[in-house]
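>>> Kindly return the folded structure for what I paste below:
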Amino acid sequence: MYPFFGAGSVPSYSAAKGALVQLTRSMAIELAPFNIQVNAIAPGWIETDLTAGLWAAASGSPAALHHQEIITRTPAGRFGSPDECAGTAVFLASRAADFVTGATICVDGGYSIR
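The predicted model follows:
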């Protein structure tokens with residue numbers, strides 16, 4: 001579920017996420033002369049309808065084991081909330097980010113550093 005890692009069970013999903021990172025970079029190059037910044041937010045494991053099955057899984061099930069692997073790998077020790085992505089979006093939309101372009105910012109509790 002992440003643009004920087006492959007996932008054997010969902011290769012098309014991984015490919016699409018990786019393509020968005022490259023599209024962000026290409027658009028940033030194309031639009032920078034017009035003072036338009038193009039950036040992306042790469043959320044990690046966030047509590048959403050898509051990940052709800054991991055939370056509701058019975059103990060010992062493959063989904064429950066996957067959930068525990070995610071928690072163990074994430075230095076923050078938990079899934080994030082949608083609200084925790086909002087601050088990054090506000091920053092990128094503000095004047096404070098006028099010199100930020102072509103970046104993909106991870107909001108993942110540290111998942112991507114391991």
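
>>> how near is Ala16 to Phe79?
Noted for Ala16: a distance of 21 Å to Phe79, by CB to CB, to the nearest Å. Glycine gets a C-beta too; all of them are placed from N, C-alpha and C.

>>> go on, Leu31?
33 Å.

>>> Just want to know which of these two has more residues nearby.
Phe79 (21 against 14; other CB atoms under 10 Å).

>>> In this structure the more buried one contacts Ile46, no?
Yes: with contact taken as CB atoms under 8 Å, Phe79 and Ile46 are classed as touching, separated by 6.2 Å.

>>> Can I get the helix or strand Cys106 falls within in CSV? Just the C-alpha atoms.
Assessed by DSSP states H and E, Cys106 sits inside strand 104-107. Listed next in CSV are the C-alpha coordinates belonging to strand 104-107 (Å, rounded to 0.1, in the frame of the first residue of the first chain):
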residue,chain,number,x,y,z
THR,A,104,6.5,13.3,-2.2
ILE,A,105,6.1,13.7,1.5
CYS,A,106,5.6,10.6,3.6
VAL,A,107,3.0,10.8,6.3
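
>>> Please identify the pairing partners of that strand and their relative orientation?
strand 40-43 (parallel) (DSSP bridges).

>>> For the strand it pairs with, buried residues please.
Ala40, Ile41, Ala42, Pro43 (16 or more other CB atoms under 10 Å).

>>> Mind picking out the helix or strand in the chain with the poorest mean pLDDT?
helix 52-56 (a mean of 81; mean pLDDT, DSSP states H and E).

>>> Past it, which element shows up next along the chain?
The helix or strand immediately downstream of helix 52-56 is helix 62-73, counting by DSSP H and E.

>>> contacts for that next one?
Outside of helix 62-73, the residues within contact range by CB atoms under 8 Å, 6 or more residues apart in numbering are Trp45, Gly53, Leu54, Trp55, Ala57, Ala58, Gly77, Arg78, Phe79, Tyr111, Arg114.

>>> Most neighbours among those, which one is it?
Tyr111 (24 neighbours).

>>> I figured that residue hits Gly44, correct?
Yes: counting by CB under 8 Å, Tyr111 touches Gly44, with 4.3 Å between them.
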